[in-house]
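Engineer: what's the 3D shape of this:
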Amino acid sequence: MTPFEACQIIEWDDDNSIGMQDIVDAVQCLIDTGTIYHLQGYYQRLAQDMLDEGLVHMPDVHDRNSPVQYLL
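Structural biologist: Next comes the predicted model:
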């Protein structure tokens, strides 16, 4: 899933037709790619809520393949 597709999944769930796991996967994608840090506060609050609930996790910043390491 690309970050663009992840945003589409999150934005287009107005009628609750998308499953919760799809939304969790979309938010995880945004976190893993570091895109979450460049989006509006809505996405960041959603990600923080999911982090607090244990639904998503922060990537390992020591992983050399993680794009997030370059943001720190």
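
Engineer: going forward, measure contacts between C-alpha atoms and count neighbours the same way
Structural biologist: Fine.

Engineer: Can you give me the distance of the residue lying farthest from the centre of the chain to M1?
Structural biologist: In terms of distance from the mean C-alpha position of the chain, D15 ranks first, at 20.1 Å (C-alpha atoms, centre = their mean). Counting by C-alpha to C-alpha, to the nearest Å, the separation of D15 from M1 is 22 Å.

Engineer: Now for I10: which residues touch it?
Structural biologist: With contact taken as C-alpha atoms under 8 Å, 6 or more residues apart in numbering, I10 is in contact with 23, 26-27.

Engineer: Could you report the separation of it from L39?
Structural biologist: Using C-alpha to C-alpha, which is the criterion applied here, I10 is 12 Å from L39.

Engineer: Also D60?
Structural biologist: Taking C-alpha to C-alpha as the measure, D60 falls 21 Å from L39.

Engineer: again with H57
Structural biologist: Here the criterion is C-alpha to C-alpha. By it, H57 lies 18 Å from L39.

Engineer: higher neighbour count, these two?
Structural biologist: In terms of neighbours (other C-alpha atoms under 10 Å), H57 is the more surrounded of H57 and L39; the figures are 16 against 12.

Engineer: nearest residue to that one other than its sequence neighbours?
Structural biologist: For H57, the nearest residue in space outside its immediate sequence neighbours is L51; the separation is 5.9 Å by C-alpha to C-alpha, 6 or more residues apart in numbering.

Engineer: who's in contact with the host helix or strand of the one you found?
Structural biologist: Taking DSSP states H and E as the criterion, the element that holds L51 is helix 41-53. Surrounding helix 41-53, the residues in contact under the criterion C-alpha under 8 Å, 6+ apart are 24, 27-28, 31, 36-37, 56-58.
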